[in-house]
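Peer 1: only geometry, no sequence info:
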């Protein structure tokens, strides 16, 4: 870890203590959003805030006020900047996790708590990636929740089998998403988003709305292993990056699609970053 990229943790707007963190060692009933901050600004901030709000209502029946969430994000960013001893705007990774302070395995009601962790910036792997095709459906797939042992287990299994990561197939045999990624495909003319129950990533949301503004064709359609040979490219995306090329899924090779990757990155760059 370099001296100018510290990892800091804040709880409800103050520096977290070891006692605070100890209660989270085995926490599984929580949700989060992850983002890359560049120049002190965040692309798709509205999508991150809406994700935190809707997931909190789903898991806890209530959500923290948006102005309070934004205040805690600003506190964490300023603390990171001061600790890094930097004069310019901060580039960093930020994860905001919402959980119940009353702990696990209880239906007791309480105001949710917000844990914000900042650390070094990341842009993800360069690729191209080979993905194992694995049958798996996440519980509450529309919520970015924690405690998902299956994702790491299936990643490790895929790597042991000679792949870089794993892509998931639902009970209908359709590709849905990958371990920590959204999947996206290219048919030669349009961007193809897989039709399945997925976590709609914030980067996915950014890219979709900017592709619309750029006039780029896109559609939602079922994508199955048998349909892969007809496609002209594939990629994965998450908060690190709007596109890492995928050259193989299972035993099926996919062509390189530099124009497709350029479109994804161009759409992401078109999103104006905002301050919390």
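Peer 2: Happy to help now that I have it. In this text the structure is predicted, and so the values were computed from the model without any measurement.
Peer 1: break down the stretch 1-150 of the chain into its helices, ranges please.
Peer 2: 18-22, 45-60, 66-84, 149-160 (DSSP state H, counting those that start in this stretch).
Peer 1: give me the contacts around the shortest one.
Peer 2: Contacts with helix 18-22, where a contact means CB atoms under 8 Å, 6 or more residues apart in numbering, come from 9, 11. For every residue, glycine as well, the C-beta is placed using N, CA and C.
Peer 1: how about the third one?
Peer 2: Contacts of helix 66-84 with the rest of the structure, by CB under 8 Å, 6+ apart, involve 3-6, 8, 10, 12-15, 37, 40, 49, 52-53, 89-90, 92, 94, 96, 114, 116-118, 275-276.
Peer 1: which of the residues you listed are buried?
Peer 2: In terms of neighbour count (16 or more other CB atoms under 10 Å), the buried residues within these are 5-6, 8, 10, 12, 37, 40, 49, 52-53, 90, 92, 94, 96, 114, 116-118, 276.
Peer 1: show me which residues of the worst-scoring helix or strand of the chain on mean pLDDT are buried.
Peer 2: Every helix and strand of the chain was ranked by mean pLDDT, DSSP states H and E. The lowest is helix 18-22, at a mean of 86. For helix 18-22, a neighbour-count test (16+ other CB under 10 Å) marks residue 20 as buried.
Peer 1: what's the answer for stretch 224-243, then?
Peer 2: By neighbour count with 16+ other CB under 10 Å, stretch 224-243 contains the buried residues 225, 227-228, 231-243.
Peer 1: what's the answer for stretch 152-163, then?
Peer 2: By neighbour count with 16+ other CB under 10 Å, stretch 152-163 contains the buried residues 154-155, 158, 163.
Peer 1: for stretch 265-276, same thing?
Peer 2: Across stretch 265-276, burial judged by 16+ other CB under 10 Å covers 265-268, 271, 276.
Peer 1: check the offset of it from the chain's centre.
Peer 2: Its chain's average C-alpha position is 15 Å from that of stretch 265-276, according to CA atoms, centre = their mean, to the nearest Å.
Peer 1: how long is it from one end to the other?
Peer 2: Taking CA to CA, to the nearest Å, the first and last residues of stretch 265-276 lie 23 Å apart.
Peer 1: might one say that residue 185 is in contact with residue 234?
Peer 2: Yes - look at residue 185 against residue 234 with CB atoms under 8 Å: they come within range, at 5.0 Å.
Peer 1: contacts only, for the closest residue to residue 124 other than its chain neighbours.
Peer 2: The shortest distance from residue 124 to any non-neighbouring residue, by CB to CB, 6 or more residues apart in numbering, is to residue 240 (3.3 Å). If you count contacts by CB under 8 Å, 6+ apart, residue 240 has them with 36, 122-124.
Peer 1: repeat for residue 197
Peer 2: By CB under 8 Å, 6+ apart, the neighbours of residue 197 are 137, 141-142, 170, 176.
Peer 1: try 7 Å
Peer 2: By CB atoms under 7 Å, 6 or more residues apart in numbering, the residues touching residue 197 are 141, 170, 176.
Peer 1: format these as JSON lines; extra columns: neighbour count and pLDDT.
Peer 2: As requested, these are exported to JSON lines (neighbours: other CB atoms under 10 Å; pLDDT from 0 to 100):
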{"residue": "141", "neighbour count": "17", "pLDDT": "96"}
{"residue": "170", "neighbour count": "20", "pLDDT": "98"}
{"residue": "176", "neighbour count": "22", "pLDDT": "98"}
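Peer 1: just the ones of the residues you listed in strands?
Peer 2: Among the contacts of residue 197, the members falling in strands (DSSP state E) are residue 176.
Peer 1: residue 257: which of the contacts of residue 197 is nearest?
Peer 2: Using CB to CB, the shortest approach to residue 257 within these belongs to residue 176, at 20.8 Å.
Peer 1: any idea how far that closest one is from residue 75?
Peer 2: Distance, residue 176 to residue 75, using CB to CB, to the nearest Å: 36 Å.
Peer 1: give me the below-cutoff pLDDT ranges for the stretch 1-150 of the chain.
Peer 2: Across the stretch 1-150 of the chain, the ranges flagged by pLDDT under 70 are 1-5, 84-89.
Peer 1: how does it look with 80?
Peer 2: Scanning the stretch 1-150 of the chain for pLDDT under 80 picks out 1-6, 23, 25-27, 83-90.
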